[in-house]
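> Structure for the following, please:
(2 chains)
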Amino acid sequence: MTDKSKLGFYLLLMPLMLWLITLIILPHIGLFMVSISEKIGVRQYETGLGNYAVFFNEPLYWRTFARTAFMSIFTTVLTLVLGFPVAYYIAKLTRGRTKTTLFLMCLIPFWVSELVRTFGWMILLRETGVLSNFLQYTGVIGGPVEFLYNDGAIMVGLVYTSILFMIVPLVTTLDSLDDSLIEAGYDLGGSDYSIMREIVIPHAMPGIVSGCIVVFMLSLGNYLTPILLGGKDSLWFTGLIYTQFITRFNWELGSAFGFLLLALSSSIVFIGLKLSRQSLTETMGR
Amino acid sequence: MIPTIPQTNVLKWSYRAYVTLFFIYLALPLTVVCVFAFNDSVFPSLPWEGFTMAWFFGTEAPFIGVFNERSIMRAIGTSAFVAMWVAGLAVFVGTCNAFLFVRHDFRGKGFLYILMLLPLIIPGVILGISILVFASSVANTLEDATDMWFDGLRPGLLLVILGQFSFITTFATLVISARLQKFDPSLEEAALNLGASKWGAVRQVTLPFLFPAIMGAGVVAVLMSFENFNTTLMLVGSESPLTITMFDKLKHGSTPVLNAVSLLLMIISAGLGLLALLFQRTKE
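Residues are numbered from 1 along each chain as shown, chains lettered A, B, ... in the order given. As a prediction, this is how the structure comes out:
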């Protein structure tokens, strides 16, 4: 390496390091440091795990945490179950222009702000909304019904927001599966079910894993959908973080909450990658 | 189940019905948002009171259209300002990163690459609060040490720009790297043989080749910045971008003005999306 190209190398390295250190690494170390400091007086702090103790001793906090985690897992499973047939249809049962059109149609929600999508669901589901009116018109229900402000509405919204991130990787992996492998499976006497289980799903595994990871993360870290579509009792953990930071101004507790959420999402990503024997670079870096 | 294997009609049609239902589910919320932007009523809900353009151009309360609603117009300006900065910064750093990761081999490259991908798996809210906490502690330290004010490090547009930049750069890096990998280095060597300087070769040969990816990444960055909510929410100060303004309005009860803004947003996004596609097209 000549001196000149070495200089070029360091010039290229600088923006990357500046970005990663000042905006990713140091802030997260800072977040952790704040989360283990307890306020004992005006601008006086001492180190300790008190904020984490508060989390575990207050049922509201850890229940919300567990609830958020379980609902996100449920969202992920639901998204996979609903999205897989659509992805399979696009990848295997359509050709040429139809395929491109259907695929692009799946991407449309992404081009629209999440706020707009959620607003759309509010118009549809509220008591005076389109669904309620439609059902009254057809005579299924007698009076106006509130479909909004419950966990079901949150699920509808979360699945809607994240299903695209399941379908895109699934279509990509299913597309690369050669049809002749499926034909061979039928020739060898396989049933629909066994071919799905033995050929299609193992082949689609990388897509399934990366889709599930992204959907889980997006649901866990979602703020808008649960706040706008959920009711008074449907707390979401990001909502608690917001409350601690902005409303209560208790940054120490908020940081502890943030760190717990980060730990949960990273460990799920890690477990997902380990279980499927893939690396982050392969799954995300495409 | 593939086309070459015969299927019963019932199965085939029920499968098609499912896929159709799915696309209706995808289109439904966006459709109602658009339709109710033209409803002549102060609530974005049924009954249908007739067609109106008042929510776009109206001047009399309660029918104040988007173009006359000052808070929304200002928010759009703020969003555009943030998006330009974010896109510019992200594309610049993304291009540098692409050259670094594609062209250079060095110790710790794999590790840095994973670090570079990390913003993808950090929830937006956490990115927001960690930058908020860090910037505030830096500001506190500096203020204690110098007795000056560092308002730029308090919640506000600078932090919003930095927060969005922190994860959008990853996308820009991935898009531009993918294109750079396809570049044939012998073209650059040819330029060098013909007497170009190293930088001249990069500027006149490599960068024009990367141009579609750079523009594509820029458009995607603008879109992501416009749409971002989670990170922005934690870092926003007194001047709020469009999504935050809309969220505040939505919490206090919605009027069809929000539908009208949403429709405009959709049109802008669709335009930008088509632009990105066009840039992708010129790639081949």
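
> Ramachandran angles for A:Glu38?
phi -110, psi 140 (degrees, to the nearest 10).

> Count residues in the vicinity of the nearest residue to it once chain neighbours are set aside, would you?
Among residues not flanking A:Glu38 along the chain, A:Gly50 sits closest, at 4.2 Å (CB to CB, 6 or more residues apart in numbering or on different chains). C-betas here are computed from N, CA, C, even on glycine. Using other CB atoms under 10 Å in any protein chain shown, the number of residues around A:Gly50 comes to 17.

> now A:Gly50: how far from B:Phe134?
Distance of A:Gly50 to B:Phe134, computed by CB to CB, to the nearest Å: 21 Å.

> swap in A:Lys99?
Using CB to CB, one gets 46 Å for the distance from A:Lys99 to B:Phe134.

> and what of B:Asn140?
Applying CB to CB to B:Asn140 and B:Phe134 gives a distance of 11 Å.

> quick one: contacts for the closest residue to chain B within the stretch 151-286 of chain A?
For the stretch 151-286 of chain A, the residue closest to chain B is A:Gly221, as judged by CB to the nearest CB, at 2.7 Å. The contact partners of A:Gly221, by CB atoms under 8 Å, 6 or more residues apart in numbering or on different chains, come to A:238, A:261, A:265, B:123-126, B:230.

> try 10 Å this time
The contact partners of A:Gly221, by CB atoms under 10 Å, 6 or more residues apart in numbering or on different chains, come to A:68, A:72, A:236-238, A:241, A:261-262, A:265, B:121-127, B:230-231.

> Now the nearest residue to it once chain neighbours are set aside. Its backbone dihedrals?
Of all residues not flanking A:Gly221 in the chain, B:Pro123 sits nearest, at 2.7 Å (CB to CB, 6+ apart). Phi and psi for B:Pro123, reported as degrees, to the nearest 10, are phi -60, psi 140.

> B:Pro123 and A:Leu260 touch, don't they?
No - the criterion here is CB atoms under 10 Å, and B:Pro123 misses it with A:Leu260 at 11.5 Å.

> Neighbour count: the two, which is higher?
The neighbour comparison of B:Pro123 against A:Leu260 (other CB under 10 Å) goes to B:Pro123, with 26 against 20.

> what residues are up against that one?
A:217-223, A:237-238, A:241, A:258, A:261-262, A:264-266, B:129, B:230-231.

> Give me the subset of the residues you listed that lies in helices.
Of the contacts of B:Pro123, the ones assigned to helices by DSSP state H are A:217-220, A:237-238, A:241, A:258, A:261-262, A:264-266, B:129, B:230-231.

> tell me the centre residue of the chain?
I went with chain A, as the question did not name one. Computing the C-alpha centroid of chain A and ranking residues by CA atoms, centre = their mean puts A:Leu218 first, at 2.1 Å.

> that answer is for a different chain, and I need it for chain B
Among the residues of chain B, the one closest to the centroid is B:Met224, at 0.9 Å (CA atoms, centre = their mean).

> got a list of what the closest residue to that one other than its chain neighbours touches?
Closest residue in space to B:Met224, ignoring its immediate chain neighbours: B:Ile168 at 5.3 Å, by CB to CB, 6+ apart. Taking CB under 10 Å, 6+ apart, we find B:Ile168 in contact with B:83, B:86-87, B:89-91, B:93-94, B:119, B:217, B:220-225, B:228, B:231.

> try A:Trp251
Applying CB under 10 Å, 6+ apart, the residues contacting A:Trp251 are A:31, A:34-35, A:37, A:39, A:51, A:244-245, A:258, B:129, B:132-133, B:136-137.

> repeat that with 7 Å
For A:Trp251, the contact set (CB atoms under 7 Å, 6 or more residues apart in numbering or on different chains) comprises A:34, A:245, B:133.

> all strands of the chain, in order?
Answering for chain A, as no chain was given. In chain A, the strands defined using DSSP state E lie at A:37-41, A:44-47.

> my question was about chain B
Secondary structure of chain B by DSSP E: the strands cover B:59-60, B:63-64.

> Narrow the contacts of B:Ile168 to those in helices?
Among those, the members falling in helices (DSSP H) are B:83, B:86-87, B:89-91, B:93-94, B:217, B:220-225, B:231.

> give the contact list for residue 181.
You didn't say which chain, so I picked chain A. Here A:Leu181 is in contact with A:Ile199 (CB under 7 Å, 6+ apart).

> please go with chain B instead
When contacts are counted by CB under 7 Å, 6+ apart, B:Gln181 touches B:Val102.

> do A:Ile167 as well
By CB under 7 Å, 6+ apart, the neighbours of A:Ile167 are A:83, A:86-87, A:106.

> let's see it at 10 Å
So A:Ile167 contacts A:79, A:82-84, A:86-87, A:90-91, A:102-103, A:106-107, A:207, A:211, B:22, B:26 (CB under 10 Å, 6+ apart).

> Over to A:Gly143?
Neighbouring residues of A:Gly143 by CB under 10 Å, 6+ apart: A:127, A:132, A:136.

> List the beta-bridge partners for residue 39.
Because you didn't say which chain, this covers chain A. Counting by DSSP bridges, A:Lys39 forms beta bridges with A:Tyr45.

> that's the wrong chain, I meant chain B
Assigned bridge partners for B:Asn39, using DSSP bridges, are B:Phe51.

> ok, it touching B:Pro256?
Yes - applying CB under 10 Å, one finds B:Asn39 in contact with B:Pro256, separated by 5.8 Å.

> Which single residue of the stretch 51-200 of chain A approaches chain B most closely?
The nearest approach of the stretch 51-200 of chain A to chain B comes at A:Gly120, 2.6 Å away (CB to the nearest CB).

> Surely A:Gly83 is in contact with A:Tyr160?
No - under the criterion of CB under 10 Å, A:Gly83 makes no contact with A:Tyr160, lying 11.2 Å away.

> tally of neighbours for residue 30?
Defaulting to chain A. For A:Gly30, the count of nearby residues is 20 (other CB under 10 Å).

> The intended chain is chain B.
So B:Leu30, with other CB under 10 Å, has 20 neighbours.

> Check the one 3 residues further on too.
Neighbouring residues of B:Val33 were enumerated by other CB under 10 Å; the total is 28.

> For it, which residues are in contact?
B:Val33 neighbours (CB under 10 Å, 6+ apart): A:112, A:116-117, A:119-124, B:44, B:256, B:258-263, B:265-266.

> what about 8 Å?
Applying CB under 8 Å, 6+ apart to B:Val33 gives the contacts A:116, A:119-120, A:123, B:259, B:262-263, B:266.

> The residue lying closest to B:Ala221 once chain neighbours are set aside and B:Arg179, how far apart?
Nearest non-adjacent residue to B:Ala221, counting by CB to CB, 6+ apart: B:Ala87, 4.0 Å away. B:Ala87 sits 17 Å away from B:Arg179, going by CB to CB.

> Could you do B:Arg203 as well?
Distance, B:Arg203 to B:Arg179, using CB to CB: 16 Å.

> Compare these two (neighbour count), which wins?
Shown here are B:Arg203 and B:Arg179; by other CB under 10 Å, B:Arg179 has more neighbours (19 against 13).

> for the lengthiest helix in chain A, packing partners?
Identified as the longest helix of chain A according to DSSP H is helix A:59-88. Contact partners of helix A:59-88 among helices and strands, from 3 or more CB pairs under 8 Å, 6 or more residues apart in numbering or on different chains; DSSP states H and E: helix A:50-57, helix A:151-175, helix A:201-220, helix A:237-242, helix A:251-275, helix B:9-35.
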